[in-house]
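Colleague: okay, here's the prediction I keep looking at, along with the sequence it came from:
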Amino acid sequence: MPEYDAARFEPPAPLAQVTLRNPASGATWPDALMLLDSGADVSLIPQAIIKSLRVETVPGRRYELIGFDGGTSFAAVVQLELSFARRTFRGQFLIIEQEWGILGRNILNAVPLLLDGPNLRWEEDGS
């Protein structure tokens, strides 16, 4: 059962390690840090990992993002494979410029998870 991350977040937050794969080249990044965020509609991948995997953005495709503070930005789109909780998700993901990515509801809605806030731990719910 992974512990919440108290080094990067105050209060501590659930952070997962996922594997990302460039479907065109087969290059992988085995330990991408991703915040479990049920408030996010979509998943966002760190720009540095996209560059390392040499994933090309989808030409002419950008999405407007609206943050919790109401601020807006635009994100480029990439095609990736993301492995999390013994499942592989293939499709479009957006790019973010920060150290960790965000696992949004496009992934989280397919995985039963137990967030144990009082004990600052989370796990895949196998029941």
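Modeller: In hand now; what should we look at? What you are looking at is a predicted structure, and each value in this text was computed from that prediction instead of being measured.

Colleague: ok, and the closest non-adjacent residue to F84?
Modeller: Spatially, and ignoring its direct neighbours in sequence, F84 is nearest to V18 (4.5 Å; Cβ to Cβ, 6 or more residues apart in numbering). Every residue, glycine included, has its C-beta placed from N, CA and C.

Colleague: quick check: closest non-adjacent residue to T88.
Modeller: E81 is the one closest to T88 (Cβ to Cβ, 6+ apart), at 5.7 Å.

Colleague: before we move on, which element is the one you found in?
Modeller: In the assignment (DSSP states H and E), E81 maps to strand 72-84.

Colleague: buried residues of that strand, list them for me.
Modeller: By neighbour count, and taking 16 or more other Cβ atoms under 10 Å as the criterion, the buried residues in strand 72-84 are 75-78, 80-82, 84.

Colleague: for the residue nearest to F84, what are phi and psi?
Modeller: Main-chain torsions, V18, degrees, to the nearest 10: phi -120, psi 160.

Colleague: got it, and N106?
Modeller: Torsion angles, degrees, to the nearest 10, at N106: phi -60, psi -20.

Colleague: how far away is it from A24?
Modeller: 21 Å (Cβ to Cβ, to the nearest Å).

Colleague: looking at these two, which one has more neighbours?
Modeller: The neighbour count for N106 versus A24, taken as other Cβ atoms under 10 Å, is higher for N106 (16 against 12).

Colleague: ok, the more buried one to G70 distance?
Modeller: Taking Cβ to Cβ, one finds N106 at 22 Å from G70.

Colleague: who does the lowest-mean-pLDDT helix or strand in the chain pair up with?
Modeller: For the chain, the helix or strand with the lowest mean confidence is strand 57-66, at a mean of 90 (criterion: mean pLDDT, DSSP states H and E). Taking DSSP bridges as the criterion, strand 57-66 forms sheet pairs with strand 72-84 (antiparallel).
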